[in-house]
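[1] need a 3D model of the sequence below.
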Amino acid sequence: MTRTTPARPVPVEAVFPELAIHRGRTTRLHPRPGQPTMRDSHVGGPMLWPEAEPWPVCHESHQSVTEGYAPGEIRAARVAGTWPRKRPWPGGGTDGAAGPVPFMGLAQFFRRDVPGLTPGPDGADLVQLFRCPFTHGSSLERRYHLRWRRSAETERASRFLAVPPEVPLLPWEHELPEPCVLHPEEVDTYPWAEDDTLPAAVIALIDAWDDVQESEHGRDAPSYQSDLSIPPGWRIGGFPSWASTGPLTVDCAACSHPLRLLLTADGSEMDADSHSWMPLEDRDPHPQGRSSIRDIRDIRGGPSVVQPTRLRFGRDRDLHVFTCPANPGHPPRWVLS
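    Down below sits the predicted model:
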């Protein structure tokens, strides 16, 4: 099934003609639980990974872990609609985070499925995203890994990895992604309006318009940040949202060139402030305005639409992955916002 974003509550450029020159495009991925294969773009499915190639491993020191959830039991509990049992680490509860830890595969995207995906090093057209399942340091930081491939070369491998390595227990249930198929859809997008993301005069116009909307229409009034600028959920390209941190400067560590947003990963596809972005195919046939999203029973598909991937990033933030447009081979940067 396709996914279709409704028209914006108000025509953006009719209200703010100054935004026309700032318009961009982003590809909403609309992940939904399914059965993707290794040759599909997906979240949480099997990676296209040659059997002879070593799986990525995190060698850094990790926070101590002595109990958690078995991946197989998490999968079974989701099917049954229950919660998995927490267990001590095998071998007498010793620290399972000691030593090298295999990364967890989160997602992969082919340009043939997502035309808005920018090419990687040497024209790579497949990108794979991984995360270490454990936290690092006193700030509980996360480590991510990005692997670029040329899909035609990779698909010529004689054998592929059927079962990737994984730790026996995960510290949280939401470390295990739910296999999801994608329904890519390109939509217009506009920059976050704060600090210097747009000219000061344009931000002033937006702020004034937001104030009028709220005073005249109350809590269900459309606002620029929530309804007109950046859609929620997993997406490729476009502009970063800065709801938690405020706008940040993200430059390349290798050459100091401003980085470009490659992709955004989000634990939730929608919330109370993003009701207007809900695809037509997932909408309650009798919407009650933005507030109706507060109860997942008002959404067709319920939890499988609201949090389809089961993943979380920070304290329910967006994970922005930035790459260098001057040299895609330079190290990427990861920003939670």
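[2] from Gly68, how far off is the nearest residue to Glu67 once chain neighbours are set aside?
    Spatially, and ignoring its direct neighbours in sequence, Glu67 is nearest to Pro88 (5.0 Å; Cβ to Cβ, 6 or more residues apart in numbering). From N, CA and C alone the C-beta is placed, and that goes for glycine too. From Pro88 across to Gly68, the span is 9 Å (Cβ to Cβ, to the nearest Å).
[3] which one of these two has more residues nearby?
    Between Pro88 and Gly68, counting by other Cβ atoms under 10 Å, Gly68 is the more crowded of the two (24 against 13).
[4] which helix or strand contains the more buried one?
    Assigned by DSSP states H and E, Gly68 belongs to strand 67-68.
[5] which elements pack onto that strand?
    strand 87-88 (3 or more Cβ pairs under 8 Å, 6 or more residues apart in numbering; DSSP states H and E).
[6] who does the strand it packs on touch, helix- and strand-wise?
    Applying 3+ Cβ pairs under 8 Å, 6+ apart, one finds that strand 87-88 contacts strand 67-68.
[7] now the strand it packs on, how far from the centre of its chain.
    Its chain's average C-alpha position is 25 Å from that of strand 67-68, according to Cα atoms, centre = their mean, to the nearest Å.
[8] same thing with stretch 224-241?
    With Cα atoms, centre = their mean, you get 11 Å for stretch 224-241.
[9] what does stretch 190-205 give?
    Centroid separation for stretch 190-205 versus its chain: 24 Å, with Cα atoms, centre = their mean.
[10] adjacent strands (with direction) for the strand holding Gly68?
    Using DSSP bridges, the strands paired with strand 67-68 are strand 87-88 (antiparallel).
[11] who touches the partner strand?
    Thr66, Glu67, Gly68, Tyr69, Ala70, Glu73, Leu169 (Cβ atoms under 8 Å, 6 or more residues apart in numbering).
[12] mind redoing it with 6 Å?
    If you take Cβ atoms under 6 Å, 6 or more residues apart in numbering as the criterion, strand 87-88 is touched by Glu67.
[13] helices of this structure, start to end?
    Remark: helices assigned in the chain by DSSP state H are 12-15, 71-80, 151-154, 200-217, 303-306.
[14] so which of these comes closest to Pro165?
    helix 71-80 (11.2 Å; Cβ to Cβ).
[15] avg pLDDT for the closest one?
    The average pLDDT for helix 71-80 rounds to 96.
[16] that helix: how far from the chain's middle?
    That offset, for helix 71-80, works out to 22 Å (Cα atoms, centre = their mean).
[17] so which bits of that helix are buried?
    Neighbour-count burial for helix 71-80, counted by 16 or more other Cβ atoms under 10 Å, picks out Pro71, Glu73, Ile74, Ala77, Arg78.
[18] apart from its neighbours in sequence, what residue is nearest the last one?
    Looking back up the chat, that one is Arg78. Per Cβ to Cβ, 6+ apart, closest to Arg78 is Glu178, 6.9 Å.
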